[in-house]
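Enquirer: Build the 3D model from these lines:
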Amino acid sequence: MYGQDWDGQGRVARRPAVPLEPAVDPAAWYDGDITRTGAGTYQWETEEIADIEAALERFEASGKDLVELGRDDFPLHAAKPKMERIKNELVDGLGFALVHGLPVANYTKRQSAIIFLGLGAHIGRAVSQNYNGHILGHVKDLGFSRALDSTVRAYHTSDELDFHSDSCDVVGLYCLHEAKRGGTSRITSAVTIYNEMLKRRPELAAAMAEIFYHDRRGEVPEGMDRTWQLPIFCFKDGYLSIKSGRHYIIAAQRFPEVPRMSDHQREGLDYYEELGLELEHHQEFRPGDIQFLNNHVIVHSRSEFEDWPEEERKRHLYRLWLEVENIRPLDPGFMTRINGIVVPGMTLKAPLEAE
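Expert: Next up, the predicted model:
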């Protein structure tokens, strides 16, 4: 807790999570903790960058396709200890890491993609982010608006985003270009949201531990339904994991086979968003920055942004969805969605531009 036993390094000992009791977890931080200590922020050193660039050159020389890039294809030496610390921070610590210092202006888009995929491979396995099979995603405004079309992907707009978690263990973002104004990353400890809701509105916390139906948005694996079921607050083998995505839950209510949410569930979703805003920690992306988030303990959003008029300057982030082995025990409901988007006939690809 802020000002109490939190050690500033995300190493508070986790206690077994018990349903509808306060969660003691290193991922239960407050904005004041992070602002005061700078925890979760890393900087590449000169020798680490040289090591990363040597791995880049090795992969380029291999002639392999980007979708073939695995951990062994991107060996690290000087940078390996830092990547191990980052992975530990994600799995057993704060649940997030922000890394500064890559000279992105020195790289082509393909080289940046290789570096991002290569570093990601030291955390987990890249999985598909959509029905197109993209393992390299693009957060970029393509001129869409969710106010005009609710079916568009939020990451292809300049809109403000609700707090949510993605359908993977860890999501990564790598900044190629920043916006002219806005686009601030907002992250909040979902474990702290749970603790605060339990303390202030226990009846809503109880409702959030009930089953919610989530819309697959047409990305339906073979033999599965168009929705999937999971509580927001999930308890499994002494671990608390949290699945957020208000927009997808509300969208699922349009299907006749989906039960209507209770009043407490609806109010709980609204209050969850309020607490996310109240407890948020801001992170500004600069070119070369990489952010990793554990989707089971962190929720994220983004402020609205104004872009540059020139195409080559527009805000552009690469995105990775990573499956991380043994990240934590998970409710079986996660398993129908957590390993990426897989639909019949899909082929994996890593496009260098949004499509």
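
Enquirer: May I ask which helix or strand encompasses the spatially most central residue of the chain?
Expert: Nearest residue to the geometric centre of the chain (C-alpha atoms, centre = their mean): V171, 3.5 Å. Element membership for V171 (DSSP states H and E) is strand 170-177.

Enquirer: any idea how far the very next helix or strand once past that strand is from the chain center?
Expert: The C-terminal neighbour of strand 170-177 among helices and strands, as given by DSSP H and E, is strand 181-182. Mean C-alpha position of strand 181-182 versus that of the full chain (C-alpha atoms, centre = their mean, to the nearest Å) differs by 21 Å.

Enquirer: got it, and stretch 26-44?
Expert: Worked out by C-alpha atoms, centre = their mean, stretch 26-44 lies 17 Å from the chain centre.

Enquirer: does P256 sit in a helix, a strand or a coil?
Expert: coil (DSSP: H, G, I helix; E, B strand; the rest coil).

Enquirer: Tell me the spacing between it and Y213.
Expert: 12 Å (C-beta to C-beta, to the nearest Å). For glycine as for every other residue, the C-beta is placed from the backbone atoms N, C-alpha and C.

Enquirer: So for those two, which sits in the more crowded spot?
Expert: Higher neighbour count among P256 and Y213: Y213, with 21 against 5, using other C-beta atoms under 10 Å.

Enquirer: So which elements touch whichever strand or helix holds that one?
Expert: In this structure, Y213 sits in strand 211-215 according to DSSP H and E. Strand 211-215 sits against strand 227-231, helix 246-252, with contacts defined as 3 or more C-beta pairs under 8 Å, 6 or more residues apart in numbering; DSSP states H and E.

Enquirer: so what's F59 up against?
Expert: 69, 73-74, 114, 118 (C-beta atoms under 8 Å, 6 or more residues apart in numbering).

Enquirer: Phi, psi for W29 please.
Expert: phi -110, psi 170 (degrees, to the nearest 10).

Enquirer: What is the burial count for F212?
Expert: Quick note: F212 (other C-beta under 10 Å) scores 26 neighbours.

Enquirer: and it, what does it touch?
Expert: With C-beta under 8 Å, 6+ apart, F212 has these contacts: 229-232, 249, 261, 265.

Enquirer: How about A55, nearest residue that isn't a chain neighbour?
Expert: Nearest non-adjacent residue to A55, counting by C-beta to C-beta, 6 or more residues apart in numbering: F74, 4.6 Å away.

Enquirer: Distance check, the one you found against G137.
Expert: 19 Å.

Enquirer: can you check E48 too?
Expert: 25 Å.

Enquirer: more crowded one of these two?
Expert: G137 (25 against 22).

Enquirer: okay, the more buried one: pLDDT?
Expert: Per-residue confidence at G137 stands at 95 (pLDDT).

Enquirer: for stretch 275-292, what is the average pLDDT?
Expert: On average, stretch 275-292 scores 97.

Enquirer: Now do the end-to-end distance for it.
Expert: 22 Å (C-alpha to C-alpha, to the nearest Å).

Enquirer: picking up where we left off before, by neighbour count, which of the contacts of F59 wins?
Expert: I114 leads the contacts of F59 on contacts (other C-beta under 10 Å) with 25 neighbours.

Enquirer: ok, that one to Y239 distance?
Expert: Counting by C-beta to C-beta - I114 and Y239 are separated by 34 Å.

Enquirer: just Y272 next, same as before
Expert: Y272 is 19 Å from Y239, by C-beta to C-beta.

Enquirer: And for E274?
Expert: Distance from E274 to Y239, by C-beta to C-beta: 25 Å.

Enquirer: Quick check: V343 is in a helix.
Expert: No: V343: not assigned to a helix; according to three-state DSSP it is coil.

Enquirer: OK, contacts around the residue lying closest to it once chain neighbours are set aside?
Expert: Distances taken as C-beta to C-beta, 6+ apart put Y131 closest to V343, at 4.9 Å, once the chain neighbours are dropped. When contacts are counted by C-beta under 8 Å, 6+ apart, Y131 is found next to 218-219, 341, 343, 346.
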